[in-house]
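Chemist: Got a predicted model here, sequence first, then my questions.
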Amino acid sequence: MLEIVNIISVWSIPVIIVFIPLYAFFRKVPVYESFTDGAKDGFDTAIRIIPHLVGMMVSISIFRASGAMDLFIGWVKPFTDWIGVPSEVLPLAILRPITGSGSLAYTSELIKAFGPDSMIGRIASTVQGSTDTTLYVLTVYFGAVGIRKAGYALKVGLLSDLVGFIAAVAVCYFVFA
């Protein structure tokens, strides 16, 4: 099983990178022009989201510096220890829906402390790749295009983050334990 996972992980990205432009070419899509138009639109979007991004970063800093995250982790730690989820990855489950860069920094700290081949390192890496920055997406992108009613998107996004976290832990125990 581990050998199959390694083969898929080595070949999946190169295959996707080659497949998408080839598929577009055969569908008569102007590949380069589409790419440059998308890059131009991306730059305009980046300029529009700066105020939302600053607000989100300040909120994250306050959440971590106030000790609210540590307090919450202390409350749920007995339950997660009981079901077998390493308490070291709990802050990642909280940070990942809020911030991509903050969760990546925390994942890097976990990998440095426990090693990339440890169960904690593997769970952290899998969570990082299988969940999304839901609150960041809602704040920045919905704010940039003027969407104000995001209640359903918030519920579905946070539920998918929870399912992604649980699935990441389960898959890591299934594949690596």
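Modeler: Ah, there it is.

Chemist: pLDDT below threshold where in this structure?
Modeler: Counting by pLDDT under 70, the chain has no low-confidence residues at all.

Chemist: Regarding the residue most central in space within it, which helix or strand does it belong to?
Modeler: Nearest to the geometric centre of the chain sits Asp132, at 3.6 Å (CA atoms, centre = their mean). Using DSSP states H and E, Asp132 sits in no helix or strand.

Chemist: pretty sure it is touching Leu159, no?
Modeler: No: proximity of Asp132 to Leu159 does not meet the contact threshold set by CB atoms under 8 Å, at 11.6 Å. C-beta: built from backbone N, CA, C; applies to glycine.

Chemist: Which secondary structure state does the spatially most distant residue from the centre of the chain sit in?
Modeler: Relative to the centre of the chain, the most outlying C-alpha is that of Lys28, 33.4 Å out, by CA atoms, centre = their mean. With DSSP: H, G, I helix; E, B strand; the rest coil as the basis, the three-state label of Lys28 is coil.

Chemist: How much space separates it from Ser34?
Modeler: Using CB to CB, to the nearest Å, Lys28 is found at 11 Å from Ser34.

Chemist: Ok, Leu53 next?
Modeler: For Leu53 relative to Ser34 (CB to CB), the value is 26 Å.

Chemist: Phe26 now?
Modeler: Taking CB to CB, one finds Phe26 at 14 Å from Ser34.

Chemist: Of the two, give the one with the bigger neighbour count.
Modeler: Applying other CB atoms under 10 Å to Phe26 and Ser34 shows that Ser34 carries more neighbours, namely 12 against 8.

Chemist: Just list the residues touching that one, thanks.
Modeler: Counting by CB atoms under 8 Å, 6 or more residues apart in numbering, Ser34 touches Ala24.

Chemist: related to what we said a few turns ago, got the contact list for the residue nearest to the centre of the chain?
Modeler: When contacts are counted by CB under 8 Å, 6+ apart, Asp132 touches Arg96, Pro97, Gly157, Ser160, Asp161, Gly164.

Chemist: Going by residue numbers, what spans are helices in this structure?
Modeler: For the chain, helices defined by DSSP state H occupy the ranges 2-26, 31-65, 68-83, 90-95, 100-114, 119-130, 134-136, 143-145, 151-176.

Chemist: follow-up on the earlier one: please enumerate the shared neighbours of Asp132 and Leu159.
Modeler: Common contacts of Asp132 and Leu159 (CB under 8 Å, 6+ apart): none found.
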